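S.K.: my questions concern the predicted model and sequence given below.
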Amino acid sequence: MDIRPTTADDLGVFVDTLHTAFARFPDTPAEDGSGVWWSAFEMDRGLLALAEDGRPVGTAAAYSFELTLPGEAVVPVGGVTAVGVLPSHRRRGVLSAMMRHQLAELRARGEFLSVLLASEAPIYGRFGYGPATYTGRLTVPRRQASLDLPRAGTGSDTGSVEVLRRAECGEVLEEVYDRYRRAQPGALSRPHHWWERGAGQPPVAPAPRHVAVHRDADGVPDGYATYALGDGDTLTVDETIATDDAVFTALARFLLGHDLVDRVVFKHVPSGHPLRWRLADFRAGEVGGDTDWLWVRVLDVPGALTARGWFADGELVLDVDDPFLGEHGRHLLTVRDGKAECVPTDREPDLSLDVRDLGSVYLGGTAPSTLVRAGHVRAHRPGAAALADALFRGERAPHCLHWF
């Protein structure tokens with residue numbers, strides 16, 4: 001078996017091999033190749049696995065994204081995608097070989113993190129990826145949709161909401177999303193060519209959608225919600241993007257007040273979001289579909305730990321094992337005034353963990369103590385897990401809603 005990088009000339013065979021791996025057929029793109037989810041592929045970041053006779057039997061690719069870390073640091077990451085192996089060649093080491101090859105390429109580009117959305121949860125842990133952000137949906141019956149005024153007297157909205165068609169406001173969506181993602185830990189960039197080519201899922205894709213655009217008191221767009229009416233008089237909201245909670249609430253109030261609707265389903269709502277607490281009837285908000293979303297893989301432990309911001313001081317010795325790459329290191333993490341130093345040490349460890357566990361806790365969305373209780377992380381002294389919880393906790397929960 002051979003693994004080689006792809007070029008633009010390989011797009012057709014790459015797409016065909018990938019869809020065959022999942023027993024699907026490609027949609028038909030527009031004449032310029034846009035309008036399909038793979039139209040944003042970066043073919044200089046793709047891989048093809050070839051059988052001995054030269055036939056393609058596996059695919060893997062990566063996008064060039066930026067990821068927002070706790071502390072609003074923005075760093076480049078590889079967004080792994082389009083991973084597939086033909087059914088005739090599974091369980092022969094093709095996937096492992098492609099993953100190992102890809103991780104080496106990511107490191108060669110200087111990317112100390114890679115991320116993906118896992119099609120199946122059991123697959124990617126063995127390659128060092130851990131679930132790091134979570135998302136769900138909130139369903140609210142229209143008849144129980146009234147919102148209480150904030151009892152603390154804060155969070156009032158002085159802006160306005162207007163309804164536009166998706167085709168009318170692409171620049172607004174792109175600009176507002178970019179402002180939002182730079183301040184939201186766990187959020188990924190959406191490069192301009194994604195919007196331009198209609199790649200991905202709505203609202204990036206050019207599918208018909210109504211867009212509620214929120215503007216502040218000066219008329220500047222600072223939030224949006226994209227939605228459509230589906231079966232059973234259900235209004236489904238693809239995503240709600242807001243620069244603060246008051247804007248989110250204003251958009252939610254608009255959507256919950258829509259006529260001739262039985263229920264409103266908000267997709268991609270992070271757990272613990274305050275919208276549920278704004279409902280006059282707390283039980284009206286039905287939480288469901290809780291699932292993992294962004295998975296993180298650490299490729300350079302010191303580089304990753306010193307890149308993010310920190311919100312507590314302390315020292316922690318982390319013994320990190322990377323079985324897939326056959327690597328192991330013990331690191332002294334020292335945090336002072338929001339900055340970290342991370343150096344090799346031979347001190348006794350406070351925590352022993354797999355690199356996948358480090359990926360899960362890295363953005364602050366998974367408490368280290370949870371993984372200790374689950375038996376995945378070993379705490380070597382009393383108080384080590386609590387200290388790790390305090391150190392890794394971010395300023396707010398990480399959340400990602402970009403699909404790739």
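M.R.: That came in fine, so what should we check first?
S.K.: can you show me the helices along the stretch 1-150 of the chain?
M.R.: Taking DSSP state H, counting those that start in this stretch as the criterion, the stretch 1-150 of the chain carries its helices at 11-21, 94-108, 121-124.
S.K.: reformat the ones you listed as CSV; add mean pLDDT and distance to Gly326.
M.R.: Bear in mind the C-beta positions are built from the backbone N, C-alpha and C, glycine included. What follows is the helices of the stretch 1-150 of the chain, written out as CSV (pLDDT from 0 to 100; distance: least, Cβ to Cβ, whole Å):
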stretch, mean pLDDT, distance to Gly326
helix 11-21, 98, 28
helix 94-108, 98, 10
helix 121-124, 96, 18
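S.K.: mind checking which of those is nearest Thr59?
M.R.: In this view, the helices of the stretch 1-150 of the chain are compared for proximity to Thr59 by Cβ to Cβ, and helix 11-21 is the closest at 4.6 Å.
S.K.: and Gly232, how many neighbours?
M.R.: When neighbours are counted by other Cβ atoms under 10 Å, Gly232 registers 7.
S.K.: for it, what are its contacts?
M.R.: Asp262 (Cβ atoms under 8 Å, 6 or more residues apart in numbering).
S.K.: any idea how far Leu113 is from it?
M.R.: Counting by Cβ to Cβ, to the nearest Å, the separation of Gly232 from Leu113 is 41 Å.
S.K.: swap in Glu196?
M.R.: Glu196 sits at a distance of 26 Å from Leu113 (criterion: Cβ to Cβ).
S.K.: who's more crowded, these two?
M.R.: Each of Glu196 and Leu113 had its neighbours counted (other Cβ under 10 Å), and the higher figure belongs to Leu113 (25 against 14).
S.K.: ok, and the closest non-adjacent residue to that one?
M.R.: With sequence-adjacent residues excluded and distances taken as Cβ to Cβ, 6 or more residues apart in numbering, Leu113 is closest to Val77, at 4.7 Å.
S.K.: what's across from that neighbour in the sheet?
M.R.: Using DSSP bridges, the bridge partners assigned to Val77 are Phe65.
S.K.: quick check: it touching Leu67?
M.R.: Yes: distance between Val77 and Leu67: 4.5 Å, which falls inside the contact criterion (Cβ atoms under 8 Å).
S.K.: higher neighbour count, those two?
M.R.: Of the pair Val77 and Leu67, Leu67 is the one with more neighbours under other Cβ under 10 Å, namely 29 against 25.
S.K.: how many other residues sit next to the residue nearest to Gly257 when sequence neighbours are not counted?
M.R.: With Cβ to Cβ, 6+ apart as the measure, Ala145 is the residue that lies nearest to Gly257, at 7.2 Å, once sequence neighbours are left out. The local packing of Ala145 (other Cβ under 10 Å) involves 21 other residues.
S.K.: please list all residues in contact with Ala145.
M.R.: Ala145 is in contact with Leu256, Gly257, Val264, Leu279, Ala284, counting by Cβ under 8 Å, 6+ apart.
S.K.: and those residues, which of them are in strands?
M.R.: Val264 (DSSP state E).
S.K.: dump the contacts of Ala145 into a markdown table; add distance to Val220, neighbour count and pLDDT as well.
M.R.: Written out in a markdown table, the entries for these read as follows (distance: Cβ to Cβ, whole Å; neighbours: other Cβ atoms under 10 Å; pLDDT from 0 to 100):
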| residue | distance to Val220 | neighbour count | pLDDT |
| --- | --- | --- | --- |
| Leu256 | 24 | 23 | 97 |
| Gly257 | 23 | 13 | 95 |
| Val264 | 26 | 21 | 98 |
| Leu279 | 28 | 19 | 95 |
| Ala284 | 32 | 19 | 95 |
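S.K.: what's the farthest-apart pair in the contacts of Ala145?
M.R.: In the contacts of Ala145, two members sit farther apart than any others by Cβ to Cβ. They are Gly257 and Ala284, at 14.1 Å.
S.K.: so where do the strands sit in the stretch 301-404 of the chain?
M.R.: Taking DSSP state E, counting those that start in this stretch, the strands of the stretch 301-404 of the chain run over residues 314-322, 327-336, 339-344, 351-354, 378-379.
S.K.: strands along the stretch 51-200 of the chain, start to end?
M.R.: Under the criterion DSSP E, counting those that start in this stretch, strands of the stretch 51-200 of the chain are mapped to 56-68, 74-85, 113-117, 130-131, 134-141, 160-165.
S.K.: between the ones you listed, which one is closest to Arg378.
M.R.: Relative to Arg378, the nearest member of these by Cβ to Cβ is strand 130-131, separated by 15.9 Å.
S.K.: can you read off the backbone torsions of Asp222?
M.R.: With angles defined as degrees, to the nearest 10, Asp222 shows backbone torsions of phi -140, psi 10.
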